[in-house]
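what follows is a predicted structure for the sequence shown.
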Amino acid sequence: MHGTTWPAIAHETLEWRSRYDTDGLSRRQRVDAALRSYDAAVPPVIAELRHAPPAALASELEEAAAEASRFDVEMGIELAPYLGILLRSESAASSTIENLTASARAVAAAEVGIDSRGNGGIIAANVQAMRRALEVDGPVDAPAIRQMHAALMVGDRWHEPGQWRAEPVWIGGSSISPCGATYVAPRHDRVPELIDDLVRFLATPDVSVLQQAALGHAQFETIHPFTDGNGRTGRALVHAHLRATGLVRQVALPVSAGLLASGRAYVDALTAYRAGDPDPVLRLFAEATLRAATEGRRLGHEVRDIRATWSAIVTARPQSRTWDLLDLLVRQPVVTAATLQTELGLAPGHVRRHVDPLLELGILKEQRVHRVRGTYWRAPEILTALDDFAARSGRRLPLR
């Protein structure tokens, strides 16, 4: 089917059978559990759909795609040793959209095994999911999506990482019943076919990459193929597609930071998409991409300047591994002795030889953690730059 219209989702009425013992429920919850039917979404297949946005919006999308490409080239040249800093920032912003927040220090500490409890550990898992997205070789397919989700949800006791859901999921309303929910995702047995259709859409050569990424993301969130982690996986999918199509080859463009700044507009755009109007989500992605390039450059330049300052005050000999440690701290601003042994090949007895001079210069700060009977070191300037980036990303733009 070709044309400029985009169909709204349909609905089907399904029977609800509560899994809950009503004895321990409140009166309101017992009413919810007693409801017997609900309307689930039936999304259209989109592989053959084409949409022609208004000329002004089409121009915005072209400009945003060109800016993403420029950003990739510039940052790939300027920040080649430090690309992980953008990846971590994007992962944190994607998690913040889901109201999962943690300091850069907590996330970095979780990454090196200091403390993986709480949101720091969840966001650290999101960093791994983003890495999986950037490792996708060739067009995105269903196994790649499941691998991203598995990385995101690793160790989760309540959900099945990397497995399509086998139960209803919904947004809004009661926590114990989909009846009366704001949105109920399609019946679980529709998921594999809908994902295959989405994959075919992402592989079509006659749709612009950024339009594919935006509409593909909206369709993924409409399908909601997992019991949890759909938003973060869906944004990782955007990165996988940008990388697989070659629009962004070297860096993680912090698109989620741009979406985060849009506030309620993100939810409203997804709602409009489901009602048959894809233009709000296209406009949102164009604006988010442009903002991502602006904020990503700012963070990149801040990190570059911090690293240059370190080089000016460190007096190690030219071949010293201390220089490698400085580069590592930009990518991983919290380290342990085990980190330095693994990443830099330092012998256990040589770790302090490289750490102590950086402590004296204030580049590193030492932290003892009793419960793990160990010590870790943090680079406060890098962590502050990351937290500042997160704060800027969280500033809401005026809704239009």
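Sure, I can see it.

chain center to the lengthiest helix in the chain: distance?
Ranked by residue count, the top helix of the chain under DSSP state H comes out as helix 279-313. Here helix 279-313 shows a centroid-to-chain-centroid distance of 16 Å under the convention Cα atoms, centre = their mean, to the nearest Å.

tell me, how many neighbours does Leu328 end up with?
The number of residues packed near Leu328 is 20, by other Cβ atoms under 10 Å. Bear in mind the C-beta positions are built from the backbone N, C-alpha and C, glycine included.

contacts only, for the closest residue to it other than its chain neighbours.
Computed as Cβ to Cβ, 6 or more residues apart in numbering, the closest residue to Leu328 that is not its neighbour in sequence is Glu343, at 5.6 Å. Residues counted as contacts of Glu343 (Cβ atoms under 8 Å, 6 or more residues apart in numbering) are 328, 332, 335.

reformat the residues you listed as a markdown table; add distance to Tyr273 and pLDDT.
As requested, the contacts of Glu343 are exported to a markdown table (distance: Cβ to Cβ, whole Å; pLDDT from 0 to 100):
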| residue | distance to Tyr273 | pLDDT |
| --- | --- | --- |
| Leu328 | 42 | 91 |
| Gln332 | 37 | 86 |
| Val335 | 43 | 90 |
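
strands along this structure, start to end?
10-15, 37-42, 170-171, 183-184, 334-336, 365-369, 374-378 (DSSP state E).

where does the stretch 251-400 of the chain dip in pLDDT?
261-263, 370-373, 393-400 (pLDDT under 70).

can you do 80?
Across the stretch 251-400 of the chain, the ranges flagged by pLDDT under 80 are 256-263, 369-374, 390-400.

closest one to Leu202 among the strands of the chain?
strand 37-42 (20.1 Å; Cβ to Cβ).

give the pairing partners of the closest one; include direction for each.
strand 10-15 (antiparallel) (DSSP bridges).

now the partner strand: mean pLDDT?
In this model, strand 10-15 has an average pLDDT of 94.

just the CA atoms of it, as CSV, please.
Only the C-alpha atoms of strand 10-15 are listed here, as CSV (Å, rounded to 0.1, in the frame of the first residue of the first chain):
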residue,chain,number,x,y,z
ALA,A,10,-7.7,-0.6,15.3
HIS,A,11,-8.9,-2.4,18.4
GLU,A,12,-10.3,-5.8,19.3
THR,A,13,-12.2,-6.7,22.5
LEU,A,14,-10.6,-9.4,24.5
GLU,A,15,-11.7,-11.2,27.7
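
quick check, distance from that strand to the centre of its chain.
31 Å.

same thing with stretch 360-367?
So, by Cα atoms, centre = their mean, the centroid of stretch 360-367 is 31 Å from its chain's centroid.

ok, residues contacting it?
Under Cβ under 8 Å, 6+ apart, the answer for stretch 360-367 is 310, 313-314, 326, 329, 355, 358-359, 375-381.

list the buried residues in it.
363-364 (16 or more other Cβ atoms under 10 Å).

and the end-to-end length of that stretch?
Start to finish, the residues bounding stretch 360-367 are 14 Å apart (Cα to Cα, to the nearest Å).

and the helices in the stretch 151-300 of the chain, which stretches?
191-202, 209-223, 230-244, 255-260, 264-274, 279-313 (DSSP state H, counting those that start in this stretch).

JSON lines for those helices, including distance to Gly155 and mean neighbour count?
Compiled in JSON lines, the helices of the stretch 151-300 of the chain are given as follows (distance: least, Cβ to Cβ, whole Å; neighbours: other Cβ atoms under 10 Å):
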{"stretch": "helix 191-202", "distance to Gly155": "23", "mean neighbour count": "18"}
{"stretch": "helix 209-223", "distance to Gly155": "23", "mean neighbour count": "23"}
{"stretch": "helix 230-244", "distance to Gly155": "15", "mean neighbour count": "26"}
{"stretch": "helix 255-260", "distance to Gly155": "22", "mean neighbour count": "28"}
{"stretch": "helix 264-274", "distance to Gly155": "28", "mean neighbour count": "19"}
{"stretch": "helix 279-313", "distance to Gly155": "29", "mean neighbour count": "20"}
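
for Pro161, which of those helices is the nearest?
helix 230-244 (10.4 Å).

tilt between that closest one and helix 209-223?
Helix 230-244 and helix 209-223 are oriented at 150 degrees to each other (axes from the mean of the first three to the mean of the last three Cα atoms, to 10 degrees).

narrow the contacts of stretch 360-367 to those that are buried.
310, 314, 326, 329, 355, 358, 376-379, 381.

ok so, going back, for the contacts of Glu343, give me CSV that also has distance to Pro54.
Below are those laid out as CSV (distance: Cβ to Cβ, whole Å):
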residue, distance to Pro54
Leu328, 48
Gln332, 45
Val335, 50
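
pick the one among those residues closest to Ala185.
The closest of those to Ala185 turns out to be Gln332 (Cβ to Cβ; 36.8 Å).
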